[in-house]
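# what's the 3D shape of this:
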Amino acid sequence: MHVEKYKKSQVSSVINHDLRTIPNHTNEDINPTKSHLNYNLHPGNPYENLKIRLSEVKYLKMAKANVMASWAITCPAALVGSSSQGKFFEAMYEFMAERYGRTNVVSAIVHLDETTPHMHFKFIPVAVVGLEEKLSARTVINRTDLKQIHREAELYCEKIFGLEGLILNGATAGGNKTITELKLERAQQKFIKVSEDLEKTKVELAEVKETLKTLTVDLKQIQPLPKVKKIPFMGEVVSVSDYNQLAEDYNKLSESAKQLEKGIIYWKQEKTATEALLSLSERELFTLRKEEGHIKARALENQLKILQDEHEVVLENNEVLSEEIERLSFFEEFYLEFVGNVSQINAEAQEFIRELLPVRFVKDFFENVYAAASGWLRDLTR
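Just a heads-up that it's a prediction; the model follows:
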């Protein structure tokens with residue numbers, strides 16, 4: 001899975017590519033005889049869907065504004081060709097439609113005319129800000145979304161198919177392959193094939209030239225004698241028809257040699273072109289990884305800042321807790337001293353009542369006061 005963003009000037013070409021309305025495709029992987037097998041899981045015409053939805057949302061009509069985004073979703077190798085292949089694309093369509101809003105979907109075209117079955121899920125990146133719907137690819141397709149979507153898609157497919165590794169597999173290990181990386185792989189593969197074809201053609205040409213060299217020597221040693229049925233050849237007498245056959249073979253090989261030489265020129269040009277493409281793809285990938293490195297560095301800096309802020313909060317809380325513990329320690333000492341004094345006063349008061357106030361109702365009065373005070377003290381010290 002990988003995502004691309006498109007400006008308004010790019011929309012027409014990418015939708016035409018999905019619909020296969022372009023007569024001559026630059027993509028060599030497309031097999032036109034299978035294009036009729038492609039299908040769209042989202043109803044309506046992509047152009048109309050885009051036009052209608054854009055008229056409903058607020059956005060600055062600037063040339064640099066990204067009005068559409070597209071997720072390319074490849075069918076897992078475990079499901080290719082099986083009865084679950086179509087079900088996988090349907091499941092991913094539902095997952096994406098729920099994630100980005102069904103009303104924002106432009107198309108979900110499945111391509112079965114290329115090397116690997118895949119789906120192009122195109123949508124308008126709409127963000128809800130307050131009570132307004134605004135076009136904002138930066139808000140919708142942010143780092144958090146890119147970080148979570150593969151894991152969430154994996155869990156979603158795992159529930160449906162009961163299989164692990166459909167999304168998070170070897171192809172996405174260490175990060176999902178971008179279009180730039182795929183282009184580089186294709187350029188490398190094409191360069192290898194062109195180099196092999198060039199070497200093969202060189203070998204064939206060398207063999208033909210060697211045969212021509214032998215035939216040239218043979219032809220120089222004989223002369224055609226049309227009026228004679230037999231002619232001398234390599235010390236022997238040969239018929240005119242044999243000589244003509246030899247000459248015909250020579251001419252055919254000469255023509256083959258010319259074609260092979262043209263082939264070598266062609267393959268050399270192809271090799272030069274693929275070398276340039278390979279170099280360009282490598283530079284693009286280097287730039288991409290450099291940019292990704294900066295993004296990761298900024299993310300780590302932000303994470304470090306968050307950890308530092310959390311550490312400061314922990315230190316502040318620690319200081320507050322230390323003060324609280326110190327205050328509670330003081331209160332504990334005060335409480336123990338207070339309870340001890342009250343107990344001593346209590347004992348003395350009881351003795352005083354018994355010795356000085358023998359009158360019954362006075363004694364009862366003070367005992368009741370003492371009982372009430374004791375109860376209040378117990379409640380206070382719980």
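# now do the contacts for Lys258.
Contacts for Lys258 were tallied using Cβ atoms under 8 Å, 6 or more residues apart in numbering; there are none. To be clear about C-beta, it is placed using only N, CA and C from the backbone, and glycine gets the same treatment.
# and it, what's its pLDDT?
Predicted confidence (pLDDT) at Lys258: the value is 76.
# check the secondary structure at it for me.
The three-state label given to Lys258 by DSSP: H, G, I helix; E, B strand; the rest coil is helix.
# now Ala108
Applying three-state DSSP: Ala108 is strand.
# quick one: residues contacting the residue lying closest to His118 once chain neighbours are set aside.
Spatially, and ignoring its direct neighbours in sequence, His118 is nearest to Thr74 (4.5 Å; Cβ to Cβ, 6 or more residues apart in numbering). Applying Cβ under 8 Å, 6+ apart to Thr74 gives the contacts 1, 116-118, 171.
# only whichever of these are buried, select them in PyMOL.
Restricted to buried positions by 16 or more other Cβ atoms under 10 Å, the PyMOL selection for those reads:
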select buried, resi 1+117+118
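# in helices, which of the contacts of Thr74 appear?
If you go by DSSP state H, the contacts of Thr74 have nothing in helices.
# could the contacts of Thr74 be laid out in a markdown table, adding pLDDT and distance to Ser82?
Output for these, formatted as a markdown table (pLDDT from 0 to 100; distance: Cβ to Cβ, whole Å):
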| residue | pLDDT | distance to Ser82 |
| --- | --- | --- |
| Met1 | 77 | 20 |
| Thr116 | 86 | 14 |
| Pro117 | 91 | 11 |
| His118 | 93 | 15 |
| Ala171 | 50 | 18 |
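# buried set for stretch 197-216?
Taking 16+ other Cβ under 10 Å as the criterion, stretch 197-216 shows 197-198, 201, 204-205, 208, 212, 215 as buried.
# that older thread, now the residue nearest to His118: phi and psi?
When quoted as degrees, to the nearest 10, the phi and psi of Thr74 stand at phi -90, psi 140.
# kindly report the same for Ile192.
Torsion angles at Ile192 (phi, psi; degrees, to the nearest 10) stand at phi -60, psi -40.
# neighbours of it, how many?
By other Cβ atoms under 10 Å, the residues close to Ile192 number 11.
# model confidence for it, exactly?
Here, the pLDDT recorded for Ile192 equals 78.
# next, count neighbours for Arg151.
By other Cβ under 10 Å, the residues close to Arg151 number 11.
# surely it meets Asp145?
No. Between Arg151 and Asp145 there is no contact under Cβ atoms under 8 Å: 11.4 Å.
# now do the helices in the stretch 101-250 of the chain.
Here the stretch 101-250 of the chain has its helices, by DSSP state H, counting those that start in this stretch, at 137-140, 143-161, 179-220, 240-356.
# which of those comes out lowest on mean pLDDT?
When I compare the helices of the stretch 101-250 of the chain, helix 240-356 is least confident, with a mean of 67.
# okay, the nearest residue to Lys190 once chain neighbours are set aside and Tyr47: tell me how far apart.
Excluding the flanking residues, the one nearest Lys190 by Cβ to Cβ, 6+ apart is Thr274, at 5.2 Å. Distance, Thr274 to Tyr47, by Cβ to Cβ, to the nearest Å: 35 Å.
# between those two, who's got more neighbours?
Thr274 (20 against 15).
# can you report how many residues neighbour Trp71?
Look at Trp71: counted by other Cβ under 10 Å, it has 21 neighbours.
# got it, and Ser9?
If you count neighbours by other Cβ under 10 Å, Ser9 ends up with 10.
# also the one 3 residues further on?
By the other Cβ under 10 Å criterion, the neighbourhood of Ser12 contains 12 residues.
# and it, which of the three is it?
At Ser12, secondary structure determined by three-state DSSP is helix.
# name the nearest residue to Ser256, sequence neighbours excluded.
Spatial nearest neighbour of Ser256, chain neighbours left out: Val208 (5.4 Å); criterion: Cβ to Cβ, 6+ apart.
# my read: the one you found touches Ala257, true?
Yes. Under the criterion of Cβ under 8 Å, Val208 makes contact with Ala257 at 4.8 Å.
# what do the two both touch?
Contact with both Val208 and Ala257 is made by no residue, according to Cβ under 8 Å, 6+ apart.
# I'd say Val3 and Ser70 touch.
Yes. If you go by Cβ under 8 Å, Val3 and Ser70 touch, sitting 6.8 Å apart.
# what about the residue lying closest to Lys134 once chain neighbours are set aside, distance to His36?
For Lys134, ignoring the flanking residues on the chain, the nearest one in space by Cβ to Cβ, 6+ apart is Lys58 at 5.0 Å. The spacing between Lys58 and His36, counted by Cβ to Cβ, is 40 Å.
# same check on Thr144?
Applying Cβ to Cβ to Thr144 and His36 gives a distance of 40 Å.
# ok, Ala91 next?
Per Cβ to Cβ, Ala91 is found 24 Å from His36.
# who has more neighbours, the two?
Taking other Cβ under 10 Å, Ala91 and His36 do not tie; Ala91 has more neighbours (18 against 10).
# and the angle from the helix or strand hosting that one to helix 143-161?
Here Ala91, judged by DSSP states H and E, is contained in helix 85-100. Between helix 85-100 and helix 143-161, the angle comes out at 140 degrees (axes from the mean of the first three to the mean of the last three Cα atoms, to 10 degrees).
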